[in-house]
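**Q** no sequence on this one, just coordinates:
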């Protein structure tokens, strides 16, 4: 049981327990806070996979912006402050069945993969520098980068317009 | 003598020798040494935090033309200890209907988000926690955790004023993160890396210049954004006593409030340290490379100077209204920061291979020209508004 | 000695939990929370395939960054829609938003 495995198990347990609490808790603000815990576990997982830039961007974007947006939206849309009613709709057994069969299907597919038992290679070069070059190089992903920024601009304008009190 | 030139290595090797002498395995002793280092470093920072309480009260007193604490010990230097004892002895009230876990977790996360920052701060050329190559983004990430703790505090208090204060404070903090990130990109462009160790080395070794001379406007924008992130005056709507009593601090009593207060002071000192590391050369000074402890002393001195500037602004300028604050950010500071980043990047690239004095003069001149253009734009707009108001008054008087 | 398949199991489990959240919850914001979980599961998959495969190719990480941007945009627009719907209909329970049914 190496240290790497222990860290993976602890982080995986944190992520899955927090995700289960997100989808089952009745109090929506608690659900948003459990989402923060899940996102933090995913950031730790990214850091253990040597994707340090992605780990930090996960904390900044997801926890620092998206989770806070969720908490604000929950607080702005509370018609009644009663959080004791069940939060699942009528078809929840079917939903559980679909979720479990999706998980079973994915696990079966993993069993079919040839390199499922692969080990980690040595990290090649400096991932941060390679990532930054890939994002702005015309041979690589600069078009996707620019289109993503235009999409964010469109989303920003759209969100402000939709939520504006006319 | 070797202790003076590389203290951390000497201490590490001595501890390793001791632990393996007690026949512990290699990885166990390494783990224990790391844990001891973390605990020791955090303890040192918290002791510094206690000192900061005294510094704050003395400085605010002098700015307000009075003496400050001078009874407990020489110059009142032991004043924080009665404060701490008072806070610990106070009754710990949890309001009825408050959400217990977020209510108790919020002050811990608030202080924790500041302690996280000290892992990447380079105290000297060979004294630092870890050399993260994304250290500046880590700074912003730790700020995000602080923002989360404020929302938790505001909501879990079950109090309208706390929630309002938390909303305003969070709107403030997430708005001012943008000019802060852009201002943080300026030392990144100038030094070529986001790692704080590389940035301080770029300012100190072989003919490096302090970045405040190269980009004073960048330092100013970072300082303004940092003061807004800290929630200090003039951006401290959270503490408008006549408006919302004490914002999200309302329902916290005793040591929980002490954690918030100590966290705020330590956060201010940490940002003073970041201004020092990013723009004033960090630990750079005469003989700082040979004697890392001297470098650490220089760093703390510069961080104290940055903290003093932040306090100076706090006790001089009145509080700004929320809509003025947000307008200032989105309509002035963010466009200015982006313009400065573009100008810095272009001029840095153009002047890449010229001798140092010409480079510094060129960058400084570009900053001055940008400030002059900004001032001219603001004056033209103010003149337009004045004339529009004057003509409206004339039309109304007829 | 963590195998690649462990990471894929983790992301499959997270994806299934998110799928359950989307299908079984009443509140529109809770549905968006489930979507966030699914996006994070996809991200874990992308980054672990980057790490365990040829990690000189940056496609995995770039794709992951684009997923961050898309998730942020989707949450912003989605929550703006939820707030607008709440203002006019005074409810965000997904079952009660049925004006467009035939």
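**A** In hand now; what should we look at? All values derive from a computational prediction rather than experimental measurement.
**Q** grab the most central residue of chain A for me.
**A** residue A:39 (5.7 Å; C-alpha atoms, centre = their mean).
**Q** in the lowest-mean-pLDDT helix or strand in chain A, what counts as buried?
**A** Lowest by mean pLDDT, DSSP states H and E among the helices and strands of chain A is helix A:127-136, with a mean of 88. Neighbour-count burial for helix A:127-136 flags A:127-128, A:130-131, A:134-135 (criterion: 16 or more other C-beta atoms under 10 Å in any protein chain shown). Bear in mind the C-beta positions are built from the backbone N, C-alpha and C, glycine included.
**Q** check stretch B:365-380 too.
**A** Buried-residue list, stretch B:365-380, by 16+ other C-beta under 10 Å: B:366-367, B:370, B:374.
**Q** just for chain B, where's the confidence low?
**A** Scanning chain B for pLDDT under 70 picks out the ranges B:1, B:206-207, B:240-245.
**Q** ok, and the closest non-adjacent residue to the residue nearest the centre of it?
**A** In chain B, the residue lying closest to the centroid (C-alpha atoms, centre = their mean) is residue B:271, at 1.8 Å. Nearest residue to residue B:271, sequence neighbours excluded (C-beta to C-beta, 6 or more residues apart in numbering or on different chains): residue B:226, at 4.3 Å.
**Q** assign the one you found to helix, strand or coil.
**A** Under the three-state scheme (DSSP: H, G, I helix; E, B strand; the rest coil), residue B:226 adopts helix.
**Q** who's in contact with it?
**A** B:180, B:271, B:274-275, B:310 (C-beta atoms under 8 Å, 6 or more residues apart in numbering or on different chains).
**Q** ok and the residue in chain B nearest chain A?
**A** Nearest residue of chain B to chain A: residue B:144, at 2.7 Å (C-beta to the nearest C-beta).
**Q** pop the domain breakdown of the chain in here.
**A** Just so you know, I chose chain A. Domain segmentation of chain A under automatic domain parsing yields A:1-83, A:129-166.
**Q** not quite, I wanted chain B
**A** B:1-89, B:99-351.
**Q** any idea which of those is most buried?
**A** Among the domains of chain B, domain B:99-351 has the highest mean neighbour count (mean count of other C-beta atoms under 10 Å in any protein chain shown), at a mean of 20.
**Q** spatially nearest residue to the residue of chain A found nearest chain B, not counting backbone neighbours?
**A** In chain A, the residue that lies nearest chain B is residue A:64 (2.7 Å; C-beta to the nearest C-beta). Take residue A:64 and drop its neighbours on the chain: the residue closest to it by C-beta to C-beta, 6+ apart is residue B:144, 2.7 Å away.
**Q** would you map the helices across chain A?
**A** Secondary structure of chain A (DSSP state H): helices at A:3-24, A:28-48, A:52-58, A:67-76, A:92-112, A:127-136, A:142-163.
**Q** can those helices go into CSV with extra columns for distance to residue B:159?
**A** Shown next, in CSV, are the helices of chain A (distance: least, C-beta to C-beta, whole Å):
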stretch, distance to residue B:159
helix A:3-24, 26
helix A:28-48, 15
helix A:52-58, 32
helix A:67-76, 13
helix A:92-112, 35
helix A:127-136, 44
helix A:142-163, 26
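**Q** which one of the ones you listed lies nearest to residue C:40?
**A** Nearest to residue C:40, of all these, is helix A:28-48, at 5.1 Å by C-beta to C-beta.
**Q** which other helices and strands contact the closest one?
**A** Using 3 or more C-beta pairs under 8 Å, 6 or more residues apart in numbering or on different chains; DSSP states H and E, the elements in contact with helix A:28-48 are helix A:3-24, helix A:52-58, helix A:67-76, helix B:135-156, helix C:4-24, helix C:28-52.
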